[in-house]
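Asker: what's the 3D shape of this:
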Amino acid sequence: MAQRNRVARRAELVAACRRVAASRGLGRASVRSVASEAEVSVGSVMYYFDSFEELMHAAVEGVLEEFHQRRLRIVESIPDPAARLRALIEAGVPDAISDDLRVVYECIGFLRDHPQYLPLHRLIVERQVMLYRSVLELGVATGAFRPTGELTWIARNLVALEDAYDMYPLVGVELDRAECRAAVVSYAELALQCSLAGSATAIARSTRRFEDSGAFESAQLVRRDRDAHS
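Answerer: Purely as a prediction, here's the structure:
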């Protein structure tokens with residue numbers, strides 16, 4: 001019982017830390033601000049974590065893991081490889097940068113002084129590359145894609161384009177998000193000698209199934225929790 005309570009309390013503090021980082025920015029997160037958000041004392045925060053850095057690491061790790069799991073669930077809900085690829089691009093270049101995605105990119109600025117975050121970022125990059133590659137491999141196997149280059153490099157280019165277009169609004173470069181997605185789609189079509197134009201209907205059908213499933217409800221837990229505390 002005591003162990004379960006400790007795990008639950010740590011999870012509550014990690015969630016509070018994520019809310020603070022999302023609303024105020026990573027640089028403004030502190031033991032005091034997390035304690036205030038969780039409605040506990042500063043001493044209570046440090047009782048469950050050896051250091052504030054440990055708490056921050058757990059919070060960033062949670063954000064990155066949920067980022068990957070959300071995209072994995074979307075992909076697994078769509079059987080058609082072209083629609084899968086289009087859905088990944090749609091998710092990777094959203095209309096608005098979410099608070100969680102903002103935390104992911106803000107953390108990059110901390111890497112020089114906080115190298116403990118480097119393994120987390122390396123892992124999320126490689127997992128996104130492998131997620132794209134798995135979709136590309138399925139498309140090649142079914143004859144939907146005819147790649148003009150090595151699949152891993154096509155996957156890396158897709159991830160790089162995502163990151164670039166997501167960084168633009170964070171540095172004040174405002175571009176039409178639909179045009180940004182179209183540019184990534186255009187590259188994918190050229191690199192894979194395929195058409196992704198007909199994938200929108202399949203994505204819409206799969207999205208409706210996804211929204212009706214328990215996976216969609218799970219994917220919304222963090223957002224609902226954040227909204228409840230805003």
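
Asker: quick one: contacts for the spatially most central residue of the chain?
Answerer: In the chain, the residue lying closest to the centroid (Cα atoms, centre = their mean) is residue 67, at 2.6 Å. Residues near residue 67 by Cβ atoms under 8 Å, 6 or more residues apart in numbering: 100, 101, 104, 124. (C-beta placed from N, C-alpha, C; glycine too.)

Asker: Please enumerate the helices of this protein.
Answerer: In the chain, the segments counted as helices under DSSP state H are 2-24, 31-38, 42-48, 52-76, 81-92, 99-106, 118-141, 151-170, 177-192, 200-212, 214-219, 221-228.

Asker: Out of these, flag the one nearest residue 112.
Answerer: helix 118-141 (9.7 Å; Cβ to Cβ).

Asker: C-alpha coordinates for the closest one, PDB please?
Answerer: The C-alpha trace of helix 118-141 is given here as PDB (Å, rounded to 0.1, in the frame of the first residue of the first chain):
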ATOM      1  CA  LEU A 118      20.200  14.000 -24.600                       C
ATOM      2  CA  PRO A 119      19.300  10.300 -24.500                       C
ATOM      3  CA  LEU A 120      15.600  11.200 -24.300                       C
ATOM      4  CA  HIS A 121      15.800  13.400 -27.400                       C
ATOM      5  CA  ARG A 122      17.900  10.900 -29.400                       C
ATOM      6  CA  LEU A 123      15.400   8.200 -28.600                       C
ATOM      7  CA  ILE A 124      12.300  10.100 -29.700                       C
ATOM      8  CA  VAL A 125      14.000  11.100 -32.900                       C
ATOM      9  CA  GLU A 126      15.000   7.500 -33.700                       C
ATOM     10  CA  ARG A 127      11.500   6.200 -32.800                       C
ATOM     11  CA  GLN A 128       9.900   8.700 -35.100                       C
ATOM     12  CA  VAL A 129      12.300   7.700 -37.900                       C
ATOM     13  CA  MET A 130      11.500   4.000 -37.300                       C
ATOM     14  CA  LEU A 131       7.800   4.700 -37.200                       C
ATOM     15  CA  TYR A 132       8.000   6.400 -40.600                       C
ATOM     16  CA  ARG A 133      10.200   3.600 -41.900                       C
ATOM     17  CA  SER A 134       7.700   1.000 -40.900                       C
ATOM     18  CA  VAL A 135       5.000   2.700 -42.900                       C
ATOM     19  CA  LEU A 136       7.300   3.000 -45.900                       C
ATOM     20  CA  GLU A 137       8.300  -0.600 -45.700                       C
ATOM     21  CA  LEU A 138       4.600  -1.600 -45.700                       C
ATOM     22  CA  GLY A 139       4.000   0.600 -48.700                       C
ATOM     23  CA  VAL A 140       6.900  -0.900 -50.600                       C
ATOM     24  CA  ALA A 141       5.700  -4.500 -49.700                       C
END
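
Asker: how big is the angle separating that helix from helix 52-76?
Answerer: Here helix 118-141 runs at an angle of 10 degrees relative to helix 52-76 (axes from the mean of the first three to the mean of the last three Cα atoms, to 10 degrees).

Asker: Give me the neighbour count for residue 47.
Answerer: Neighbour count of residue 47, defined by other Cβ atoms under 10 Å: 12.

Asker: do the same with residue 71
Answerer: Residue 71, neighbours per other Cβ under 10 Å, totals 19.
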